[in-house]
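Student: Just a sequence and a predicted model for now, questions to come.
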Amino acid sequence: MTRNATASVPSVLPTAAHGAARRRTSRGPDPLARLVAAQDGLVTRAQALAHGLSTDQVDRRLAARRWIPVHPRVYRHAAHPPSERSRVRAAALWAGEDAVLTGAAAAWWWGLLPSAPAVVTVTVPRRRAPRSRARVLVRRRDLDPRDVVTHDGAVVARPAAAVLEAAADPSVPGEALLDHVLTTGSVDAAELVEAHARNLGAHGSGPVGRMLAGASRRVAVRARHGLRALLAHRGVRAWRTDVTVAGVLLDLAFPAARLAVEVHDPVDAGTGADGCGPAWRRAVLRRHGWRTLVVGPTELRRPDELLDRLREAVTGHPAGPGGAAGRAAG
């Protein structure tokens with residue numbers, strides 16, 4: 001019995017279905033699917049239409065509950081469970097491409113708050129006037145471009161601007177937040193000052209400015225106490241407190257080395273306890289043969305490096321291999 005020749009030869013030509021599957025594999029995931037995944041399971045109607053879906057196709061996905069409405073024209077794919085990230089991002093998507101995530105929501109987006117706020121604040125240009133809706137607060141203001149950036153796929157206020165606005169939010173412990181960012185250095189103090197100056201007159205800027213100054217003073221005082229405790233704990237000798245040189249009161253000094261140690265206020269570069277500005281104080285000390293080592297509050301988080309700086313400033317010799325390279329500020 002003769003076998004069918006075509007049956008005995010394995011097929012080497014892919015079928016049309018195999019070819020289509022291979023083409024999809026070579027192209028990777030569908031662009032719209034990639035967008036949905038990058039947006040925490042979210043998509044807007046405008047994005048769906050821009051990716052080639054028709055209005056009917058969008059409506060069929062909604063009718064089949066494959067896409068679930070979150071806000072008008074903003075949908076969540078049913079395969080993606082709801083999350084705090086998707087809730088916050090959905091508010092920004094609903095507000096439009098020129099909307100900026102601001103306030104406590106922006107601070108949380110940067111990891112500066114432990115939990116997302118119940119109400120998400122978005123800021124839009126003055127020319128637009130969308131109304132606030134449930135759990136979304138809309139502010140109309142033209143933000144300085146220096147206070148806006150794209151982070152993790154969302155247009156968001158930079159950390160300094162986000163923290164300052166978040167501190168004005170009644171639901172946020174503003175003083176504790178400012179204390180935290182100044183103590184840890186997670187937001188640069190100079191950036192906070194500059195962002196506050198750019199936004200004078202904005203919502204809550206007056207009270208927040210006073211909160212910022214108060215937080216900075218508290219951080220500096222804690223740092224001074226912490227430095228004394230560190231020196232005592234590590235057995236460092238020859239330092240004194242409340243030393244007076246030519247009428248200038250020094251909080252901490254090494255008299256034998258004629259070295260003043262100044263823990264500076266992160267925000268306030270104004271006058272010290274004796275009414276003298278830092279530059280004036282240091283000039284007086286220089287004229288009397290003294291040097292000044294300026295210590296930032298965040299340096300206490302790296303005690304070994306800080307002690308190396310102090311040792312080098314006192315002795316005039318490098319701290320040795322592995323030691324921090326310090327310098328005495330004159």
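Tutor: Thanks, I have the structure now.
Student: thinking residue 70 is in contact with residue 76, fair?
Tutor: Yes - Residue 70 is within contact range of residue 76, at 5.2 Å (criterion: Cβ atoms under 8 Å). From N, CA and C alone the C-beta is placed, and that goes for glycine too.
Student: quick one, which of the two is more surrounded?
Tutor: residue 76 (24 against 21; other Cβ atoms under 10 Å).
Student: mind checking pLDDT for the residue lying closest to residue 140 once chain neighbours are set aside?
Tutor: For residue 140, ignoring the flanking residues on the chain, the nearest one in space by Cβ to Cβ, 6 or more residues apart in numbering is residue 126 at 5.1 Å. In this model, residue 126 is scored at 94, pLDDT.
Student: domain assignment for the protein?
Tutor: 31-77, 84-203, 235-315 (automatic domain parsing).
Student: Do you have the helices of the stretch 201-330 of the chain handy? List them.
Tutor: Listed in chain order, the helices found in the stretch 201-330 of the chain under DSSP state H, counting those that start in this stretch are 205-233, 278-287, 303-315.
Student: Any idea which of those helices gets closest to residue 255?
Tutor: Smallest distance to residue 255 across the helices of the stretch 201-330 of the chain (Cβ to Cβ): 10.8 Å, for helix 303-315.
Student: so what does that closest one touch, helix or strand wise?
Tutor: Secondary-structure packing of helix 303-315 (3 or more Cβ pairs under 8 Å, 6 or more residues apart in numbering; DSSP states H and E): helix 205-233, strand 259-263, strand 291-295.
Student: I'd like the average pLDDT over that helix.
Tutor: 96.
Student: who wins for proximity to residue 307 among the helices and strands packed on helix 303-315?
Tutor: Nearest of the helices and strands packed on helix 303-315 to residue 307, taken as Cβ to Cβ: helix 205-233 at 7.4 Å.
Student: what number of residues lie near residue 59?
Tutor: 13.
Student: no wait, residue 241
Tutor: 11.
Student: I figured it hits residue 252, correct?
Tutor: Yes - the criterion here is Cβ under 8 Å, and residue 241 meets it with residue 252 at 5.6 Å.
Student: which residues do these two both contact?
Tutor: Residues touching both residue 241 and residue 252 (Cβ atoms under 8 Å, 6 or more residues apart in numbering): residue 228.
Student: Just to be sure, the residue nearest to residue 140 is in a strand?
Tutor: No - assigned with DSSP: H, G, I helix; E, B strand; the rest coil, residue 126 falls outside any strand and is coil.
Student: ok so residue 161 is a helix residue?
Tutor: Yes - Residue 161 sits within a helix when classified using three-state DSSP.
Student: so what's residue 285 up against?
Tutor: 245, 246, 248, 260, 291, 292.
Student: switch the cut-off to 7 Å
Tutor: Contact partners of residue 285, counting by Cβ atoms under 7 Å, 6 or more residues apart in numbering, are 245, 248, 260, 292.
Student: Residues in a beta bridge with the third one, which ones?
Tutor: Pointing back at residue 260 there. residue 253, residue 292 (DSSP bridges).
Student: Do a quick rundown of the strands in this structure.
Tutor: 42-44, 67-71, 74-77, 100-102, 120-124, 136-140, 148-151, 154-157, 240-245, 248-254, 259-263, 291-295 (DSSP state E).
Student: right, so of these, which gets closest to residue 51?
Tutor: Closest among the strands of the chain, once you apply Cβ to Cβ, is strand 42-44, at 8.5 Å.
Student: name the helices or strands packed onto that closest one?
Tutor: In terms of contacts (3 or more Cβ pairs under 7 Å, 6 or more residues apart in numbering; DSSP states H and E), strand 42-44 is packed against helix 31-38, strand 74-77, helix 84-95.
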